[in-house]
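Colleague: Need coordinates for the following:
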Amino acid sequence: DQIVDALAGHPEDVVVTKRNWGAFYATNLDLQLRRRGVTQIVLTGVATSFGVESTARAAHEHGYHVTLATDAMTDLSAEGHANSVERIFPRLGETGTTAEILELLQA
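Modeller: Below is the predicted model:
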């Protein structure tokens, strides 16, 4: 649970320690986002059908606009990843590749 120096970021960064599958459960993430007026989030992750999906569901329930970078996530199984990307994520928000998302942000 220690952030390595190479990933430490900046002093003004907000650190949210996630202890469950979803990043909203039992954390102050929603509070930190709302304080800053955030309405749109982009999700990536290492467990598509667990952590990313749980966080995407909670973000949607909290009223955030959700974007999922499907090429910046992976799962323990290809089937689990595919199910989340093809069946679940389109119901929770927008999906796209990292390149597509970055292109939209620059526009």
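Colleague: Any regions of this structure where pLDDT drops low?
Modeller: Scanning the chain for pLDDT under 70 picks out the ranges 1.
Colleague: Just the helices from it, written as ranges.
Modeller: Under the criterion DSSP state H, the chain contains helices at 29-35, 53-61, 78-83, 89-92, 98-106.
Colleague: Counting by contacts, list what the last one packs against.
Modeller: The criterion is 3 or more C-beta pairs under 8 Å, 6 or more residues apart in numbering; DSSP states H and E, and the helices and strands that helix 98-106 contacts are strand 65-73. C-beta here means a position set from N, CA and C on the backbone, and glycine is covered the same way.
Colleague: partners of the strand it packs on, with directions?
Modeller: strand 40-45 (parallel), strand 94-96 (parallel) (DSSP bridges).
Colleague: tell me the angle of that strand relative to helix 98-106?
Modeller: 140 degrees (axes from the mean of the first three to the mean of the last three C-alpha atoms, to 10 degrees).
Colleague: How about residues contacting strand 65-73?
Modeller: The contact list for strand 65-73, computed with C-beta atoms under 8 Å, 6 or more residues apart in numbering, reads 39-46, 48, 52, 56, 59-60, 81, 85, 89, 92-98, 101.
Colleague: now swap in stretch 16-30 and tell me
Modeller: With C-beta under 8 Å, 6+ apart as the test, stretch 16-30 has contacts from 1, 32, 47, 50-51, 54-55, 57-59, 62.
Colleague: does the spatially most central residue of the chain have beta-bridge partners, and which?
Modeller: The centroid of the chain falls nearest to L43 when counting by C-alpha atoms, centre = their mean (2.4 Å). As for beta bridges, L43 partners with L68 under DSSP bridges.
Colleague: who's in contact with it?
Modeller: 52, 55-56, 59, 66-69, 73.
Colleague: Can you tell me which of the contacts of stretch 16-30 are buried?
Modeller: The neighbour count (16 or more other C-beta atoms under 10 Å) marks 47, 50-51, 54-55, 57-59 as buried among these.
Colleague: Run through the bridge partners of M73.
Modeller: Bridge pairing for M73 - DSSP bridges - gives G45.
Colleague: any idea how far P11 is from it?
Modeller: To P11, M73 is 28 Å away according to C-beta to C-beta, to the nearest Å.
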